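> pasting the sequence and the predicted model now:
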Amino acid sequence: MAVEAEVESNLNIHPMEQFVIKPLFGGDTLNFYTPTNQTLWLGIAVLAIFALLVLGVRGRALVPSRSQSVAEMMYGFVRKMVEDITGKQGLAYFPYIMTLFMFILMSNLLGLLPYSFTTTSHIAVTGTLALMVFLAVTVIGFAKHGIGFLKLFWVMSAPWWIRPILAIIEVISFFVRPASHSIRLAGNMMAGHAVIKVFAGFAYAMGLGAVVPIFAITAVFGLELLVSALQAYVFAILTCVYLNDALHPGH
């Protein structure tokens with residue numbers, strides 16, 4: 001009975017506990033100014049980016065160090081993506097997209113560390129990032145084209161009788177962008193981390209016999225590494241696509 005009770009307690013897995021926001025210095029009250037575990041890991045992500053992109057390249061050696069090589073690779077990768085999708089005009093907004101990409105990538109990867117907190121698993125974070133993109137794209141579109149930005153919603157290549165219907169669909173699609181942009185990232189981060197937690201709970205409960213769960217954890221962890229990088233890329237490339245709509249609104 002004691003063994004059964006111990007196994008049952010070990011199987012008492014709560015995969016969603018890792019996403020709970022808690023005050024950093026104890027207590028139960030959360031206010032807008034309360035330092036939390038989320039605040040801590042947001043700050044760590046910023047410091048990690050600073051260490052890589054600023055401190056890591058401060059030598060600017062002809063034969064780059066590992067950190068300089070990684071930083072230069074990230075810089076070149078994002079710059080090429082922005083230029084390929086938006087053209088030369090989009091390079092003016094490269095610093096913003098580079099910041100978004102690095103912040104999401106670093107937050108995703110840090111969330112895979114033991115006892116860390118995945119900030120990008122919360123809609124409050126991803127929704128803010130997506131809303132900032134939405135507002136920036138809208139402002140840029142109207143600033144550059146004025147009322148001509150509304151050509152984005154009028155599909156000239158379609159037959160005239162179907163254009164009003166497509167315009168309604170385009171408007172709905174435009175305003176749904178922040179929701180889809182944010183939920184995709186948060187949902188993927190939350191789902192993957194929850195699966196890892198479940199398999200880890202099984203491995204802990206089975207003790208020495210946890211061969212299958214350990215292999216499963218390894219496989220899922222490797223997949224999460226890929227998803228972490230992929231979701232940062234997807235967020236950045238969608239931002240480029242939306243920016244291209246603002247720079248070139250005509251269909």
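Received the coordinates, thanks.

> surely residue 96 touches residue 137?
No: using CB atoms under 8 Å as the test, residue 96 is too far from residue 137 to be in contact (10.8 Å). For glycine as for every other residue, the C-beta is placed from the backbone atoms N, C-alpha and C.

> which one of these two is surrounded by more residues?
Taking other CB atoms under 10 Å, residue 96 and residue 137 do not tie; residue 137 has more neighbours (22 against 15).

> okay, the more buried one: pLDDT?
You'll see residue 137 listed with a pLDDT of 94.

> next one: residue 203
68.

> find the nearest non-adjacent residue to residue 74, please.
Nearest residue to residue 74, sequence neighbours excluded (CB to CB, 6 or more residues apart in numbering): residue 102, at 6.7 Å.

> could you count how many residues lie near that neighbour?
So residue 102, with other CB under 10 Å, has 22 neighbours.

> quick one: it from residue 112, how far?
According to CB to CB, to the nearest Å, residue 102 and residue 112 sit 16 Å apart.

> ok, residue 249 next?
39 Å.

> over to the residue nearest to residue 136 when sequence neighbours are not counted. Which of the three states is it?
Counting by CB to CB, 6+ apart, residue 136 lies nearest to residue 96, which is 7.3 Å off, once chain neighbours are set aside. Three-state assignment for residue 96 (DSSP: H, G, I helix; E, B strand; the rest coil): helix.

> per-residue confidence for residue 96?
95.

> next one: residue 80
Model confidence at residue 80, expressed as pLDDT, equals 95.

> buried residues, stretch 188-203. List them.
Across stretch 188-203, burial judged by 16 or more other CB atoms under 10 Å covers 188-190, 192-203.

> residue 72 and residue 66 touch, don't they?
No: using CB under 8 Å as the test, residue 72 is too far from residue 66 to be in contact (10.9 Å).

> can you give me the buried ones in the strand or helix carrying residue 222?
Applying DSSP states H and E as the criterion places residue 222 in helix 211-247. If you call a residue buried by 16+ other CB under 10 Å, then helix 211-247 has these buried ones: 213, 216-217, 220, 224, 227-228, 231-240, 242-247.

> so for residue 72 and residue 66, which residue has more residues nearby?
The residue with more neighbours, out of residue 72 and residue 66, is residue 72; 15 against 8, by other CB under 10 Å.

> list the contacts of the more buried one.
57, 64 (CB atoms under 8 Å, 6 or more residues apart in numbering).

> quick check: which element contains it?
Secondary structure from DSSP H and E places residue 72 in helix 66-86.

> okay, the angle between that helix and helix 211-247?
50 degrees (axes from the mean of the first three to the mean of the last three CA atoms, to 10 degrees).

> then helix 66-86 to CSV, C-alphas only?
In CSV, the C-alpha atoms belonging to helix 66-86 read as follows (Å, rounded to 0.1, in the frame of the first residue of the first chain):
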residue,chain,number,x,y,z
ARG,A,66,32.4,31.6,-31.7
SER,A,67,30.1,34.3,-30.3
GLN,A,68,31.0,36.7,-33.1
SER,A,69,30.4,34.0,-35.7
VAL,A,70,26.9,33.3,-34.2
ALA,A,71,26.1,37.0,-34.0
GLU,A,72,27.2,37.6,-37.6
MET,A,73,25.3,34.6,-38.8
MET,A,74,22.1,35.8,-37.1
TYR,A,75,22.6,39.3,-38.5
GLY,A,76,23.1,38.1,-42.0
PHE,A,77,20.2,35.6,-41.8
VAL,A,78,17.6,38.2,-40.7
ARG,A,79,18.9,40.9,-43.0
LYS,A,80,18.6,38.7,-46.0
MET,A,81,15.1,37.6,-45.0
VAL,A,82,14.0,41.2,-44.6
GLU,A,83,15.5,42.2,-48.0
ASP,A,84,14.1,39.2,-49.8
ILE,A,85,10.6,39.8,-48.7
THR,A,86,10.3,43.6,-48.4
